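[1] I would like to see how this sequence folds:
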Amino acid sequence: MAVSLKEPQDGELGEVADINVTPFIDVILVLLIILMVAAPLSTVDVAVDLPVSNAQPQPRPDTPVFLTVKGDLSLALGNDAVPREALQATLDQRTNHDREQRVFLRADGAVSYRDLMEVMNQLRSAGYLKIALVGLEDTGQGAAGTRP
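    Predicted structure coming up:
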């Protein structure tokens, strides 16, 4: 309850029913300051000045070497089936013993990661360290048989 400090005519202090809004205004001002500070921090866009790359695109080889891991885990070099034991000899013959040539590795979607890594380890132990993984390009149109 609020009290009026005016001198009453009858000598008694009377009660005043007005609300004291000073604490309310203080709270509102504090909230306003907090929101003014927090609003710029909540933006998602971050302005970044990224550098421009001057790297030249790599030229495509005339005869790329495609190694395919089929769904039944058999290997094919180009269109020819290759046993795992003869992979290094066949690659050496196909690349003329140029182990710096890039091998394009593609695999069926049913091939597990473990099996794909075994083939990559076999390529590495054969001396072929430049391996490029091949996938389908996403055109954004969505195919009917693709998984979500």
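
[2] drop to CA atoms for contacts and neighbour counts, all remaining ones
    Noted.

[3] Need the three-state assignment for residue 123.
    Classification of residue 123 using DSSP: H, G, I helix; E, B strand; the rest coil returns helix.

[4] Could you verify my assumption that it touches residue 86?
    No: at 11.5 Å, residue 123 does not count as touching residue 86 under the criterion of CA atoms under 8 Å.

[5] Which one's more surrounded, those two?
    Using other CA atoms under 10 Å, the more surrounded residue of residue 123 and residue 86 is residue 123, with 20 against 9.

[6] For that one, list the residues it contacts.
    Counting by CA atoms under 8 Å, 6 or more residues apart in numbering, residue 123 makes contact with 88, 129.

[7] any idea how far it lies from residue 88?
    Distance of residue 123 to residue 88, computed by CA to CA, to the nearest Å: 7 Å.

[8] Nearest residue to residue 131 in space, ignoring adjacent ones along the chain?
    residue 103 (4.9 Å; CA to CA, 6 or more residues apart in numbering).

[9] do residue 84 as well
    Spatial nearest neighbour of residue 84, excluding adjacent residues (CA to CA, 6+ apart): residue 75 at 6.9 Å.

[10] for residue 135, same thing?
    Excluding the flanking residues, the one nearest residue 135 by CA to CA, 6+ apart is residue 106, at 6.8 Å.

[11] what do you get for residue 90?
    In space, residue 90 is closest to residue 82, 7.6 Å off (CA to CA, 6+ apart).

[12] What about that neighbour, how many residues nearby?
    Residue 82 has 18 neighbours, counted by other CA under 10 Å.
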